[in-house]
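Student: need coordinates for the following:
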Amino acid sequence: MSTFKFCPQCATPLAMIERMEDSGPTERLRCPACDFTHWNNPTPVLAAVVECSDQGGKVLLARNAAWTHKMFALITGFMEAGESPEDGITREVLEETSLTATSVNLLGVWDFQRMNQVIIAYHVVAHGEVRLSPELAEYRMFEPVDVVCWPAGTGYALATWLRSKGIEPRFIELPSAAPSAT
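Tutor: Sure thing, here's the model as predicted:
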């Protein structure tokens with residue numbers, strides 16, 4: 001879902017306008033004055049299953065400081081212009097945990113449509129003393145057999161890594177949506 005309301009070129013309010021594109025008629029946020037199109041393409045997000053070599057192969061999961069719930073998750077972040085995904089996740093792990101990556105291996109790519117993101121996930125072996133950035137509130141070290149995956153984006157990445165270690169992943173059960181009142 002886009003947060004664009006005004007054209008970044010001429011400040012005219014954007015409107016949903018249908019135009020013919022290569023794939024056929026497509027409705028997008030467009031500027032009726034200057035023809036600017038807000039493509040609203042998914043954002044690439046990097047994620048790391050961080051295996052700490054100094055901790056006997058335990059997995060580091062962290063809780064974002066902005067989260068009110070007590071969920072712990074993979075280290076994630078956005079790519080910067082001019083960097084490869086591998087360089088980006090190495091940078092993110094260092095920035096957010098102070099750990100130095102010694103190995104970075106692609107796990108896979110997953111869509112996360114709820115956030116309009118594409119998750120590019122890596123298994124990162126790292127070492128050093130954990131010192132969290134202010135972005136993260138706390139971390140925990142888990143034995144791989146003790147982690148529980150959530151059924152979306154980064155949870156699928158963690159499950160893929162667990163399977164590569166011969167561990168059948170467990171998933172949390174999300175509450176089903178309440179029926180809508182009509």
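
Student: ok, which stretches of the protein are helices?
Tutor: Counting by DSSP state H, residue ranges of the helices within the chain are 85-97, 153-164.

Student: helices and strands around the longest one, which ones?
Tutor: Yep, that's helix 85-97 we're talking about. strand 43-52, strand 58-64, strand 75-78, strand 100-112, strand 117-127, strand 136-142 (3 or more Cβ pairs under 8 Å, 6 or more residues apart in numbering; DSSP states H and E). For the C-beta atoms, the positions are set from N, CA and C on the backbone; glycine is no exception.

Student: got the angle between it and strand 58-64?
Tutor: 70 degrees (axes from the mean of the first three to the mean of the last three Cα atoms, to 10 degrees).

Student: how about residues contacting helix 85-97?
Tutor: With Cβ atoms under 8 Å, 6 or more residues apart in numbering as the test, helix 85-97 has contacts from 44, 46-48, 50, 60, 62, 75-80, 83, 99-101, 104, 106, 120, 122, 124, 126, 130-133, 135-136, 139.

Student: in this structure residue 58 contacts residue 145, no?
Tutor: No: in this structure, residue 58 is not within contact of residue 145 by Cβ atoms under 8 Å, at 10.7 Å.

Student: compare those two (neighbour count), which wins?
Tutor: The neighbour comparison of residue 58 against residue 145 (other Cβ atoms under 10 Å) goes to residue 58, with 18 against 12.

Student: what's the local residue count around the closest residue to residue 67 other than its chain neighbours?
Tutor: Residue nearest to residue 67 in three dimensions, not counting chain neighbours: residue 137, with 7.5 Å by Cβ to Cβ, 6 or more residues apart in numbering. Using other Cβ under 10 Å, residue 137 has 14 other residues around it.

Student: from residue 63, how far off is residue 137?
Tutor: 5 Å (Cβ to Cβ, to the nearest Å).

Student: check residue 160 too.
Tutor: The value you get for residue 160 to residue 63, if Cβ to Cβ is used, is 22 Å.

Student: which residue ranges make up each domain of the chain?
Tutor: Domain assignment for the chain by automatic domain parsing gives 1-40, 43-164.
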